[in-house]
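Asks: Kindly generate the corresponding structure for this input.
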Amino acid sequence: MTLARRLITVVVFVGLLVLGWKFAGSNALPLVAVHYPGGKFPECALWVVLLVAFGSGVVLTASIAAVRGARLRLVSRRYRKLADSLQSEVHQLRSLPLSEQPQTLDSDSIPRAALGRGS
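Replies: The predicted structure follows:
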């Protein structure tokens, strides 16, 4: 199984190298100047500009995903703490001893709203 996994990894790596080489070779001739609001970068190959644009998009997307992931982890941790505290409270309530004397309920001790009578 590990031999097959290594073989697949090597094949994918070599395939990506070949595709990258073909991409760079087909986009090497046109030189492009990139203008931005503060100025202009010197002319460079089109494949370099495309690679930088793709890389900056990946970095931006990964940073947004990391922020959202951190928020989700914090919220889930808060809910886990709340669930643990509620679970310990239930455990404490279950471990309370029952009273040996039965309590009688009379109509005066029950709130009027629970009996269906208004105030």
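Asks: Could you report the neighbour count for residue 1?
Replies: Using other CB atoms under 10 Å, residue 1 has 5 neighbouring residues. Every C-beta, even on glycine, is put in place using the N, C-alpha and C of the backbone.
Asks: Could you measure from it over to residue 8?
Replies: From residue 1 over to residue 8 the distance is 11 Å, taken as CB to CB, to the nearest Å.
Asks: Kindly report the same for residue 85.
Replies: 47 Å.
Asks: Then residue 37?
Replies: Note on residue 37: its distance to residue 8, by CB to CB, is 45 Å.
Asks: of those two, who's got more company?
Replies: A direct count of neighbours by other CB under 10 Å for residue 37 and residue 8 places residue 8 higher, at 10 against 4.
Asks: in the chain, which residue is closest to the centre?
Replies: Taking CA atoms, centre = their mean as the criterion, residue 69 is the residue nearest the geometric centre of the chain, at 2.9 Å.
Asks: My assumption is that that residue lies in a helix; please confirm.
Replies: Yes: under DSSP: H, G, I helix; E, B strand; the rest coil, residue 69 sits within a helix.
Asks: residues contacting it?
Replies: Listed by CB atoms under 8 Å, 6 or more residues apart in numbering, residue 69 has no contact partners.
Asks: and the helix or strand containing residue 53, average pLDDT?
Replies: Per DSSP states H and E, residue 53 falls inside helix 46-94. Helix 46-94 shows an average pLDDT of 93 in the prediction.
Asks: give me phi/psi at residue 43?
Replies: Residue 43 adopts backbone torsions of phi -60, psi 140, taken as degrees, to the nearest 10.
Asks: Count residues in the vicinity of it, would you?
Replies: Counted with other CB under 10 Å, the neighbours of residue 43 add up to 11.
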